[in-house]
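Peer 1: I need the structure of the sequence given here:
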Amino acid sequence: MSDADQPTETDGEFNPAAPNTGEEFEPVDVFPDSDDFDLRPGSDSCYKCSTCDTNCPVAEVDDEFPGPKFQGPEQWRLKQRDDEHEIDDSVMDCSNCMRCDNACPAGVPLSQMHNTARGEYVSEQMDTWSIEYWRNRILSNYRTSAWLASKLPRLANVVMNFGPARWVMEKTMGVTKEREFPAFATETFREWWARQGGADASRQRARANRERRGEPVDADKKVAYFHGCYSNYNTTEVGKAMVRVFEQFGYEVVVPKQKCSGTPMFANGMLDDARRHAEVNVSSMRDLVDQGYDAIASCTSCSMALRQEYPELFDIPGIDDVAANTFESLEYLRIHEDLRGELAEVEVDGELAEEFAYHAPCHARNQGLERQALELFRDVDGVGIEDVGESCSGISGTYGWKAEKYEKSMEIGEEMFEHMAEAEGETGMTECPTCAMQMEHGTGYDIRHPLELLEAALVDGDGL
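Peer 2: Modelled structure (predicted):
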């Protein structure tokens, strides 16, 4: 048992130790007196050790990519000397994995610099009539495409994966033909949620579960679920598992109005698009946070966007409160519930009783969450879980969908593929939907979310 898992006793009540309660999380702020997000002062913290470059997965496979140090502090130093200096177009080759943030010993806000530089490059230098611009715009606004596909999901699944259609998309838009498009669910998560009775029904189920668990029926246990685009339109089983697991622990769940987290927009320099979506998300979540709700995301990229990238890039009212009360789903339960104790009393059987090859997404590592699934499931009867290494999966959201970057994304992911092939079993596990795509694409394995395993282990099959 790691130090993070050692239980503590407080006033006779069990309180599992937590890696992060949100109370001490403070996004990097390098421009407190600036209204235009000028990052030049922060560049002085870089002392050119190049640790970021040696940890960059893109620089490892692309000799022409200058690396995070140049894309971040060196570009801003040049702008400090010459305000007419243009952003180098290689900034569009950054995958926004954000591993450089973790690597930097001086705490330079590298990904913040990269996001800001990409936004400036796209708005001021990129040809908005180019195929690359519109390809990136379409990929980064996946929510719009997914919404359209969800109206006729069966037809969309056939058309999007029709060989000649994929060939045409590569030739005309630069979207690789090598990947199969993810299947769209015949019923979105939000449609399922409404059919189950929404928040009112969740309140009733949560109260019944609190009573069953011997907890006060009127306990203040309530969360607002940020499902993101992929759990809504594609892997709806993840969203359903989240609801069932949290209700099992007595939490009332609400699903507020929301748009895309903005993660693919940050990666493509579409900061205006990202801000429009962020304003909706922050407005919805801020009202709920004021009512005592915590924001929960089942995707580590979504939780990263809400708790770090939003306050670093935007000055939206209420953004700091939302960031401080945003958590990844498994993280939240580990903080507030005795998950290890509950799992010690069950044995998983059936479909999910097997060996898992676990990959920690880069955006989980940035939040200090890379070990949580391994620590939680390693002692569960009927389950084996093996870490497949610290390498990046390589897909990085939209990066691996671009034809000119496909081979690089596969080369980055090669180490992960090899470790998965050597691991016991043929089922993968990760919290990131695009990492799951890459894992499945590179190995052929089925991929599961940790919430699905929690559901199989802890939730009564007679539930929703």
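Peer 1: Just the element for the closest residue to residue 72 other than its chain neighbours, please.
Peer 2: Of all residues not flanking residue 72 in the chain, residue 113 sits nearest, at 3.8 Å (CB to CB, 6 or more residues apart in numbering). Just so you know, the C-beta spots here come from the backbone N, C-alpha and C atoms, and that holds for glycine as well. In this structure, residue 113 sits in helix 110-124 according to DSSP states H and E.
Peer 1: which parts of that helix are buried?
Peer 2: Within helix 110-124, the residues scored as buried using 16 or more other CB atoms under 10 Å are 110-122.
Peer 1: before we move on, what about stretch 209-217?
Peer 2: Neighbour-count burial for stretch 209-217 [16+ other CB under 10 Å]: 209, 210.
Peer 1: How about residues contacting that stretch?
Peer 2: 207, 219, 221, 247, 248, 249, 250 (CB atoms under 8 Å, 6 or more residues apart in numbering).
Peer 1: Just list the residues touching residue 161, thanks.
Peer 2: Contacts for residue 161 (CB under 8 Å, 6+ apart) come out as 180, 181.
Peer 1: Could you measure from it over to residue 167?
Peer 2: 12 Å (CB to CB, to the nearest Å).
Peer 1: Now do the shared contacts for the two.
Peer 2: Counting by CB under 8 Å, 6+ apart, nothing touches both residue 161 and residue 167.
Peer 1: Closest one of the buried residues of helix 110-124 to residue 129?
Peer 2: Nearest to residue 129 among the buried residues of helix 110-124 is residue 122, at 13.1 Å by CB to CB.
Peer 1: From residue 267, how far off is that closest one?
Peer 2: Residue 122 is 11 Å from residue 267, by CB to CB.
Peer 1: likewise residue 323?
Peer 2: For residue 323 relative to residue 267 (CB to CB), the value is 20 Å.
Peer 1: In helices only, show me the contacts of stretch 209-217.
Peer 2: Mapping these onto helices (DSSP state H) picks out 207, 247, 248.
Peer 1: Just put those in a markdown table and tack on neighbour count, distance to residue 257 and pLDDT.
Peer 2: A markdown table is the format used below for the ones in helices among the contacts of stretch 209-217 (neighbours: other CB atoms under 10 Å; distance: CB to CB, whole Å; pLDDT from 0 to 100):
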| residue | neighbour count | distance to residue 257 | pLDDT |
| --- | --- | --- | --- |
| 207 | 19 | 25 | 97 |
| 247 | 26 | 21 | 98 |
| 248 | 21 | 26 | 96 |
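Peer 1: center of the chain - which residue?
Peer 2: When CA atoms, centre = their mean is applied to the chain, the residue found nearest the centroid is residue 301 (1.8 Å).
Peer 1: check contacts around that one.
Peer 2: Here residue 301 is in contact with 228, 261, 263, 361, 363, 397, 432, 434 (criterion: CB under 8 Å, 6+ apart).
Peer 1: Who are the packing partners of the host helix or strand of the last one?
Peer 2: Secondary-structure assignment from DSSP H and E places residue 434 in helix 433-443. Packing contacts for helix 433-443, counted by 3 or more CB pairs under 8 Å, 6 or more residues apart in numbering; DSSP states H and E, involve helix 228-233, helix 406-422, strand 427-429, strand 446-448.
Peer 1: now the helices: where do they sit in the stretch 151-300 of the chain?
Peer 2: 153-160, 163-173, 189-195, 198-212, 228-233, 236-248, 263-267, 271-290, 300-304 (DSSP state H, counting those that start in this stretch).
Peer 1: can you tell me how far the residue nearest to residue 178 when sequence neighbours are not counted sits from residue 416?
Peer 2: Nearest in space to residue 178, with sequence neighbours left out and distances taken as CB to CB, 6+ apart, is residue 406 at 5.5 Å. Residue 406 sits 16 Å away from residue 416, going by CB to CB.
Peer 1: Comparing those two, which shows the higher neighbour count?
Peer 2: Between residue 406 and residue 416, counted using other CB atoms under 10 Å, residue 416 has the larger neighbour count: 25 against 20.
Peer 1: residue contacts, the residue nearest to the more buried one when sequence neighbours are not counted?
Peer 2: Distances taken as CB to CB, 6+ apart put residue 391 closest to residue 416, at 5.0 Å, once the chain neighbours are dropped. Contacts for residue 391 (CB under 8 Å, 6+ apart) come out as 57, 412, 413, 415, 416, 419.
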